[in-house]
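Trainee: Below: sequence and its predicted model.
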Amino acid sequence: MKFTTLAVAALLPFMALSAPTPGDDVPPTELGGTDVTSGALEKRAIVGTVDADALKYRKCPRTSCEAVGQYSRGTRVTMECFTTSSTTTVNGDARWARLANGYWVALYYMNWPGTLPRC
């Protein structure tokens with residue numbers, strides 16, 4: 001009985017934190033200064049794997065843009081989104097991914113799980 005009383009007394013503050021308060025049924029319109037009703041929340045990034053011997057990453061999604069460096073086959077990179085707007089088509093594929101570091105790679109040379117959102 002003494003253990004049960006101690007356990008309840010220890011957990012009581014945590015139970016109070018999860019209790020609903022008046023106004024909890026109103027959906028939030030802002031979260032950290034971001035309007036959540038407009039769909040402006042940050043999209044989840046996808047980790048992809050390079051499927052080319054040497055994949056150049058560039059300052060923009062075109063082969064005419066400066067290549068800053070390159071990744072070797074099997075390198076895992078974080079992709080935020082993709083675009084087909086104003087890109088260079090690579091082997092029939094116009095999709096380019098913006099990486100978490102701000103550079104771009106042609107998706108023709110990438111493998112990734114799931115769905116990559118549009119930029």
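Mentor: Happy to help now that I have it. Residues are numbered from 1 along each chain as shown.

Trainee: For the nearest residue to Thr75 once chain neighbours are set aside, grab phi and psi.
Mentor: When the adjacent residues along the chain are set aside, Thr75 lies closest to Val50, with 4.5 Å between them (C-beta to C-beta, 6 or more residues apart in numbering). Quick note: C-beta positions are derived from backbone N, CA and C, even for glycine. When read as degrees, to the nearest 10, the backbone of Val50 gives phi -70, psi 130.

Trainee: what's the residue lying closest to Asp93 once chain neighbours are set aside in contact with, if anything?
Mentor: Leaving aside its sequence neighbours, Asp93 sits nearest to Tyr108 (C-beta to C-beta, 6+ apart; 4.1 Å). For Tyr108, the contacting residues are Val90, Asn91, Gly92, Asp93, Arg95, by C-beta atoms under 8 Å, 6 or more residues apart in numbering.

Trainee: of the residues you listed, closest to Pro61?
Mentor: Distance to Pro61, by C-beta to C-beta, is smallest for Arg95 among the contacts of Tyr108, at 8.8 Å.

Trainee: still on that earlier bit, which ones among the contacts of Tyr108 are found in helices?
Mentor: Among the contacts of Tyr108, no residue falls in helices (DSSP state H).

Trainee: Looking at those, state which has the most neighbours.
Mentor: Arg95 (17 neighbours; other C-beta atoms under 10 Å).
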